[in-house]
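Q: Okay, structure incoming, though there's no sequence with it:
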């Protein structure tokens, strides 16, 4: 957190507009759309809203390019022929602002699309799908997935310094790679030639037979020095929750 975030949070407090939605949310959506180059954005219109906005049924909206293993973790090569942000060109894109991300509002995220009608519908669902009456009336089930005015203020400030944060993250990665990259059994996540990584995390692959220690030995050694490290995510197909032989708790 820095001075930019505090300035916008102060604006939110001084306006006495704290509740979900508000002018900070509106501005955050606007500047985020401008930054990534996607026309329309809805803050925190995610999850079930993403599925119910027609995206899931439109097949061509979400595609995964088959890539070689060395390119995993990179943005898709969609062949634009010019530099664009991740998410540009898709039917819709989701950006996470979780607390450990390079841009954070402590939670939530952004749904972005060039399809204004889709974003309007998703935004309506995120605001309880309330019909335009003075009383609360609903013709379909909505959700309370709105972003607060205060959190959006944090997001605006984070966006102001995002390029600096990416630059610093890339410098950190380069430092580790220079210091450790020549060690046997250590491989760093490569950068695809069709994109530029924000190096949100510095990721290495350890081959125990060549390095002389496995990843858990390395993790525990780092933990003893108060340095956080952990295995990158366990694949979804290995998660117990998706194992049909395990009966879920009722």
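A: Right, received. Where do you want to start? Everything numeric here is computed off the predicted structure, so don't read it as measured data.
Q: Give me the contact list for stretch 14-25.
A: Applying CB atoms under 8 Å, 6 or more residues apart in numbering, the contact partners of stretch 14-25 are 8, 11-12, 43, 127, 144, 146-150, 152-153, 156. Every residue, glycine included, has its C-beta placed from N, CA and C.
Q: Widest-spaced pair of those residues?
A: 11 and 144 (24.3 Å; CB to CB).
Q: Compare the two and say which is more crowded by neighbours.
A: Neighbours per residue (other CB atoms under 10 Å) separate residue 11 from residue 144, with residue 11 holding more: 16 against 9.
Q: from memory residue 114 sits against residue 37, does it?
A: No: in this structure, residue 114 is not within contact of residue 37 by CB atoms under 8 Å, at 9.6 Å.
Q: Between these two, point out the one with more neighbours.
A: Applying other CB under 10 Å to residue 114 and residue 37 shows that residue 114 carries more neighbours, namely 17 against 13.
Q: Quick one: residues contacting the more buried one.
A: So residue 114 contacts 38-40 (CB under 8 Å, 6+ apart).
Q: which among those gets closest to residue 30?
A: Using CB to CB, the contacts of residue 114 come closest to residue 30 at residue 40, 9.7 Å.
Q: Spatially nearest residue to that closest one, not counting backbone neighbours?
A: In this structure, residue 40 finds its nearest non-sequential neighbour in residue 119, 4.1 Å apart by CB to CB, 6 or more residues apart in numbering.
Q: Check which helix or strand the one you found maps to.
A: helix 116-126 (DSSP states H and E).
Q: residues of that helix that come out buried?
A: Residues of helix 116-126 classed as buried under the neighbour-count rule (16 or more other CB atoms under 10 Å) are 118-119, 121-126.
Q: before we move on, what about stretch 232-240?
A: Within stretch 232-240, judged by 16+ other CB under 10 Å, no residue is buried.
Q: State the distance spanning the first to the last residue of that stretch.
A: Distance across stretch 232-240, first residue to last, is 17 Å (CA to CA, to the nearest Å).
Q: And for stretch 194-206?
A: Terminal-residue distance, stretch 194-206 (CA to CA): 25 Å.
Q: now do stretch 83-100
A: Using CA to CA, the two ends of stretch 83-100 sit 26 Å apart.
Q: tell me the mean pLDDT for that stretch?
A: Here stretch 83-100 scores 87 as its mean pLDDT.
Q: try stretch 17-36
A: Here the average pLDDT along stretch 17-36 is 92.
Q: Next, the buried residues of it.
A: Applying 16+ other CB under 10 Å to stretch 17-36 flags 17, 20-22, 24-25, 27-29, 32-33, 36 as buried.
Q: Please point out which parts of stretch 202-220 sit buried.
A: For stretch 202-220, by 16+ other CB under 10 Å, it's 202, 204, 206, 211, 215, 218-219.
Q: Residue 95 touches residue 109, doesn't it?
A: Yes: Residue 95 is within contact range of residue 109, at 5.3 Å (criterion: CB under 8 Å).
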